[in-house]
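# from the sequence below, what's the structure:
(3 chains)
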Amino acid sequence: MKIARYILSRFAKAIVVLLGIVVLNFCLIHAAPGDPAAVMAGEAGAADEIFLQQLREKFGLDQPFHVQLWNYVSGILQFDLGYSYRQEAPVLDLILDRLPATLLLTGSAFFISIGLGILAGAMAAVRVGSWADTAITTLALLFYATPLFWVALMGILLFSVQLGWLPAFGMETVGGGYTGFARWLDIAHHLILPALTLGLFFTAIYTRMARASMLETSGEDFVKTARAKGLTEGKITRRHVMRNAMLPVVTLAGLQAGQIVGGAVLTETVFAWPGIGRLMFDALLQRDYNLLLGVFLISSAMVLLFNLITDLIYLIVDPRIELAK
Amino acid sequence: MMSFWRRVAQNRGAVIGFALLAVVILVALLAPLLYDQSPWRMVQRPFLPPMAVDGFWFGTDTLGRDIGAGLAYGAQVSLLIGLVSTVVALAIGVPLGAIAGYFGGWLDDALMRFTEFFQTIPSFALAIVIVAILEPSISSIVLAIALVSWPPVARLVRGEFLSLRSREYVQAAVLSGLTPPAIIFRQVLPNTISPIIVLASLMVASAILLESALSFLGLGDPNVVSWGYMIGAGRTVLRQAWWICVFPGVAILLTVLSLNLIGEGLNDAFNPRLARKGR
Amino acid sequence: MVVSVEGLTVALPEGADRAFAVEDVTLSVAAGEVLCVVGESGSGKSVTANAVIGLLPDGVEPVAGRIVMDGRDLLTLPDAERRAMRGRDIAMVFQEPMTALNPLMRIGDQISEVFEAHDALSARERRARALTLVEEVGLPDPEKILRAYPFQLSGGQRQRVMIAMALALEPKLLIADEPTTALDVTTQAQILRLVGDLQSKRGMAVLFITHDIGVVAEIADRVTVMRYGRVVEEGQAGQVIAAATHPYTQALIAAVPSLIPPPPRELPVVPPALTVEGLSKTFRSGGGFFAKAREVRAVNDVSFKLRRGETLGIVGESGSGKSTAGRCIVRLMEPDDGSLHLGDADWGALESSALRAERHRVQMVFQDPYASLNPRSRIARILTEGPVANGTSWERALARAQELLEIVGLDSGALDRYPHEFSGGQRQRIGIARALALEPEVLVADEAVSALDVSVQAQVLTLLRDLRDRLNLSLIFITHDLCVAAQVCDRILVMRHGRVVEMGTTAEVFAAPRHEYTRALLDAIPGWSAESPLRRAFAQQAGAAE
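So this is what the prediction gives:
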């Protein structure tokens, strides 16, 4: 019952945020210099007049501001994200077509970075001051300072160009004609490099966080209690330090989910990964603002999804949420 | 204060950070002296590998422009945008956080919901949209970066204010009849400066990363050379001319690294006890 | 002897304020005996306890001496053997029950873990033993407690769980490091009784660390007094308290706030300085779309009059609403209901700038000497800021600050220094000077001596008493400690769950408490039973003074 209420309240909050983003989208359209209809149609000044007129009527662009806002919001509530004049397809269709690829990429990166980050951070924290700690801390520091897109390019240079181990572009081998399991393997093969490069920056963040959090938790009173019980250091770390230290990491991961989705734009652009990030880049090149805003909206929705997932993880890890009066 | 700088000087990372940053700043300042011609000018044959010709240590790009000149002038842009956007973000975040933390209640609730909202939005995507719609220029880039990076400032300042506001010396100030502005500026704000400084140095770093990513996607100011733009322009010829992409990336890496090291060093120096525990 | 510490010296890491945490400490505990190690902060009492169980923090190392148990020197044992002894032969209970349990683990699992650590019993037996242990330490509904998480338990309950864990493997030695310091006085009494019962039932040796002579008088067989890392005196508890030989021990005992109140003052009948009527404050927490808000009536219909020149004590345990009441009176918090009058003026009705202009009339002395002074301000600024904001010229305010420093017993050289250059007691004096700088009509002291060591506490109490008489202060003295209240207060008001349960002159309240809660509070104060050495010592002293 309490769990249901908790999830429901999180969900309601997500909806409110989403509505806020819709309004923000609307404001952005109006913030653009020039005719909003032209913005929605695509490149300013290049759309034909009849289409612009249609847009003006549909969104009531000659009507007062709040009416326009209402039209826009209700349109989106009916899943109408408008039409991409450039790609000659409804924006929603274009996005839904590309969404699975992005979910695969960002989801992999999300879990890789949390898993790897916690592992590396814990390893470093357990042996503070050892060479392993120094190595992990230094690596994390370096990756934390490296631009994502550059790591992607260097990855291609090393693993595709020099070593030839991993494919540099796309999600599937062009003309490979794989089916069933072989196709999944092929996709996985293509996924490694993009997911790793997208994940590395965040791995670095979580590693640093996990290490700091572990060190802080090791100083807590209950760890001393565990020691007074005569538990071995290994058990103390696993049972008492780790679990408590991971809570702030999970919180951070939730907050950082938006960054991963944003990073997908860069990763997909470099690796020609057929997701919505790449779509966003194309929309940028073609100045297809309506498509751009549509992708922005959907990627925000994705972030909310990731946030919900971290809330659920929290529910599993922290009994205080479930049982709090 | 003396012991503070001594602690900073004892931190190896911070010293390296300051040294690196000093080099970057020096290069940015001396760019017009080092390279008296515009970095946009074609000065040699295209695809010149590094060290192949005297004076062209970093080679040339696809159009025969000197990569060294791009690196030097790019430093100006990176530092400028990093600094200015951080200042703007602080100008948004500090007052919001201070008001929310000091006055609390519904105002705090409202402001924090607002902040959370901005923190939830995928910030890079928002930055892209803002720059694209406002047309790429230094000011639109600064605005976009500031708009996506103020929330952590607001949260930090709010947290500090919240805890300091219930601190007994602040309550004593309330009781002695000081006005809210006097309390905020004389009692609370001075005690939040150190975490703000630490955060600011890390924010300059992430602003530089953001700017490079924007210009990598072609959203840089078309009138100035930036490191991200150089990488973006070179990526199609990565297989033939690795140096076009590699050097600007290293430049970004070193600059950002130096700022992160400084931020961490300052943090350790501000909180000597915590730092010792972590070592 | 179960354990004997011989000539123990423990080094502190380089850069600490002294070289050794403890030096040449010798003590021993026999089976069935309670040894109290008593001392103020920095005496090295906790370090000694942690050295015995082998839980010294990194960098704090024993450099000389022996700790002998079962004929073996613990300091020379390999780590694995020392670990195996922890929980099995030596167990420990800590000071802070709120943080000593893992927040993410069920109580039952945390108790069973003790057996698991030593490979004792099967999983089912562990559970059964955990259940009997929880019963033994007197926790209600043991089945439910085992399934509970720490956050669902009160501080006293958590400390019982800690004791249950410590007793699990029937250790020969139980170390208790200030186990009741963080608890309310009635809870403390229960825990002390529990430790005493269990100890005599099992014949354990108990090494009990405390700063409180009252606790020593209550439970100790023998006592070791420590100061600056050295043992200054040791012996039978009764003997040491009745006839301490070392001047420090004597001072320590003399500083104990007595349960026997000093003779009452004669106060002239004058109109009240402060009138409080029907004061109420309710806190609401949580709440929103999906959760019901929780309401706590922190202060519930509190009324009293404070006469000019009078000191009124507000006494209660945590959650009694005493601090909230204090905060409402100084207008740091807005009461929901009730009226406040300063003389004839409606103090409760003032708002914003009108309130700010009048704030100087009611001032407060705070609890925490480390948080009550702005670390970035010099003392001169701390003392003059208020008067200057109220229109006094800076020169006059500074001259007054100098006077005030003298009044509170500091020299005027303090003006140019920063708070961190002063000790806790000195900071508290500065805090008092700051409050006095505004020449308030009413002064509220909120737990103003609670964070201080006993000897410093006694000095600050003396100062307050002195100021009260010299400046004819109208003082509200908020405290959790009845004995402390008795030292300065003319009248005492006892609060519980937000309500006033008793109000009367100090002599009345102590001699013939009318409410059972007041009686329970008085009975719970450790060390004052009829035949206690402490009571005898103080009775003698009082007799000698007359």
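
# spell out which parts of the stretch 51-200 of chain A neighbour chain B.
Residues of the stretch 51-200 of chain A lying near chain B by Cβ under 8 Å from any Cβ of the partner chain: A:128-129, A:141-142, A:144-150, A:153-154, A:156-157, A:161. (Glycine included, C-beta is placed from N, CA and C.)

# who are the packing partners of the helix or strand encompassing C:Thr48?
Here C:Thr48 is covered by helix C:45-53, with elements defined by DSSP states H and E. Helices and strands in packing contact with helix C:45-53 are listed as strand C:3-11, strand C:20-29, strand C:34-38, strand C:61-69, strand C:90-93, strand C:173-177, strand C:205-210; criterion 3 or more Cβ pairs under 8 Å, 6 or more residues apart in numbering or on different chains; DSSP states H and E.

# how far is that helix from where the chain is centred?
How far helix C:45-53 lies from its chain's middle: 21 Å, per Cα atoms, centre = their mean, to the nearest Å.

# rewinding a little: filter the residues of the stretch 51-200 of chain A next to chain B to the buried ones?
Restricting those to buried positions leaves A:128, A:141, A:144-150, A:153-154, A:156-157, with burial counted as 16 or more other Cβ atoms under 10 Å in any protein chain shown.

# mean neighbour count, the helices and strands packed on helix C:45-53: which tops it?
Highest mean neighbour count of these: strand C:90-93, a mean of 28 (counted as mean count of other Cβ atoms under 10 Å in any protein chain shown).

# can I get whatever helix or strand comes next after it as PDB, trimmed to CA atoms?
From strand C:90-93 onward toward the C-terminus, using DSSP H and E, the following helix or strand is helix C:107-117. Extracted C-alpha coordinates of helix C:107-117, given in PDB (Å, rounded to 0.1, in the frame of the first residue of the first chain):
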ATOM      1  CA  ILE C 107      17.600  -5.600  14.400                       C
ATOM      2  CA  GLY C 108      17.400  -9.400  14.400                       C
ATOM      3  CA  ASP C 109      20.000  -9.800  11.700                       C
ATOM      4  CA  GLN C 110      22.300  -7.400  13.500                       C
ATOM      5  CA  ILE C 111      22.100  -9.500  16.700                       C
ATOM      6  CA  SER C 112      22.500 -12.800  14.900                       C
ATOM      7  CA  GLU C 113      25.500 -11.400  13.200                       C
ATOM      8  CA  VAL C 114      27.400 -11.600  16.500                       C
ATOM      9  CA  PHE C 115      27.000 -15.400  16.500                       C
ATOM     10  CA  GLU C 116      27.800 -15.600  12.800                       C
ATOM     11  CA  ALA C 117      31.000 -13.600  13.300                       C
END
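
# got the CA coordinates for the next helix or strand after helix C:107-117 in CSV?
Scanning forward in sequence from helix C:107-117, with DSSP H and E defining helices and strands, the next element found is helix C:123-136. In CSV, the C-alpha atoms belonging to helix C:123-136 read as follows (Å, rounded to 0.1, in the frame of the first residue of the first chain):
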residue,chain,number,x,y,z
ALA,C,123,20.8,-20.1,11.8
ARG,C,124,17.7,-21.1,13.7
GLU,C,125,19.4,-21.2,17.1
ARG,C,126,20.8,-17.7,16.4
ARG,C,127,17.4,-16.4,15.8
ALA,C,128,16.1,-18.1,19.0
ARG,C,129,18.9,-16.7,21.1
ALA,C,130,18.4,-13.2,19.6
LEU,C,131,14.8,-13.4,20.7
THR,C,132,15.7,-14.3,24.3
LEU,C,133,18.3,-11.6,24.4
VAL,C,134,15.9,-9.0,23.3
GLU,C,135,13.5,-10.2,26.0
GLU,C,136,16.3,-10.2,28.5
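
# what comes into contact with helix C:123-136?
Counting by Cβ atoms under 8 Å, 6 or more residues apart in numbering or on different chains, the neighbours of helix C:123-136 from elsewhere in the structure are C:107-108, C:111-112, C:115-116, C:120-121, C:142-143, C:145-146, C:161, C:164-165, C:167-168, C:198.

# any low-confidence regions in the chain?
Picked chain A for this. Where chain A drops to pLDDT under 70, the residues are A:1-2, A:33-36, A:38-47, A:58-62, A:321-325.

# my question was about chain C, not that one.
Judged against pLDDT under 70, the low-scoring parts of chain C cover residues C:286-293, C:542-546.

# scan chain B for its longest helix.
Counting by DSSP state H, the longest helix found in chain B is helix B:67-103.

# so how far is it from its chain's centroid?
For helix B:67-103, the distance from its own C-alpha centre to the chain's C-alpha centre is 6 Å (Cα atoms, centre = their mean).

# and C:Asp275, that one's in a helix?
I think there's a mix-up here, since residue C:275 is Thr and not Asp. No. For C:Thr275, which was evaluated using DSSP: H, G, I helix; E, B strand; the rest coil, the result is strand, with no helix membership.

# out of the residues of the stretch 51-200 of chain A next to chain B, which is nearest to chain C?
Nearest to chain C among those: A:Val128, at 9.8 Å, using Cβ to the nearest Cβ.

# picking that back up, among the residues of the stretch 51-200 of chain A next to chain B, which are located in helices?
The helices, defined by DSSP H, take in A:141-142, A:144, A:148-150, A:153-154 from those.

# circling back: what's the closest of the helices and strands packed on helix C:45-53 to chain A?
Across the helices and strands packed on helix C:45-53, the minimum distance to chain A, taken as Cβ to the nearest Cβ, is reached by strand C:90-93, at 4.4 Å.

# hmm, the closest one touching chain A?
Yes. Using Cβ under 8 Å from any Cβ, strand C:90-93 reaches chain A at C:91-92.

# give the other helices and strands that that strand contacts.
Packing partners of strand C:90-93 (3+ Cβ pairs under 8 Å, 6+ apart): helix C:45-53, helix C:155-167, strand C:173-177.

# quick one: the longest one to helix C:107-117, angle?
Between the direction of helix C:155-167 and that of helix C:107-117, the angle (axes from the mean of the first three to the mean of the last three Cα atoms, to 10 degrees) works out to 20 degrees.

# chain center to helix C:155-167: distance?
19 Å.

# that one near chain A anywhere?
Yes. Judged by Cβ under 8 Å from any Cβ, helix C:155-167 comes into contact with chain A through C:162, C:165-166.

# now flag whichever of the ones in helices among the residues of the stretch 51-200 of chain A next to chain B is closest to A:Lys13.
Within the set of these, A:Leu148 lies nearest A:Lys13; the separation is 29.0 Å, counting by Cβ to Cβ.

# the closest one is in contact with A:Gly263, isn't it?
Yes. Applying Cβ atoms under 8 Å as the test, A:Leu148 and A:Gly263 come out as touching, 5.3 Å apart.

# which ones are touching whatever residue of chain A ends up closest to chain B?
Taking Cβ to the nearest Cβ as the measure, the point where chain A comes nearest chain B is A:Gly262, at 2.8 Å. Applying Cβ under 8 Å, 6+ apart to A:Gly262 gives the contacts A:299, B:122-125, B:127.

# what about it, which helix or strand?
A:Gly262 is located in helix A:243-271, with elements delineated by DSSP H and E.

# do whatever helix or strand comes next after that helix and chain B meet at all?
Going down the chain from helix A:243-271, the next helix or strand is helix A:276-285, by DSSP H and E. Yes. With Cβ under 8 Å from any Cβ as the threshold, helix A:276-285 lies in contact with chain B, specifically through A:280-281, A:284-285.

# then stretch C:472-482?
No. Stretch C:472-482 stays out of contact with chain B when judged by Cβ under 8 Å from any Cβ, the minimum separation being 13.7 Å.

# chain center to that stretch: distance?
Distance of stretch C:472-482 from the chain centroid (Cα atoms, centre = their mean) equals 16 Å.

# which parts of the stretch 51-200 of chain B are strands?
Taking DSSP state E, counting those that start in this stretch as the criterion, the stretch 51-200 of chain B carries no strands.

# for A:Pro90, list each beta-bridge partner.
A:Tyr83 (DSSP bridges).

# got any residues that touch both of A:Leu148 and A:Gly263?
Any residue near both A:Leu148 and A:Gly263 by Cβ under 8 Å, 6+ apart counts here, and that gives A:198, A:201.
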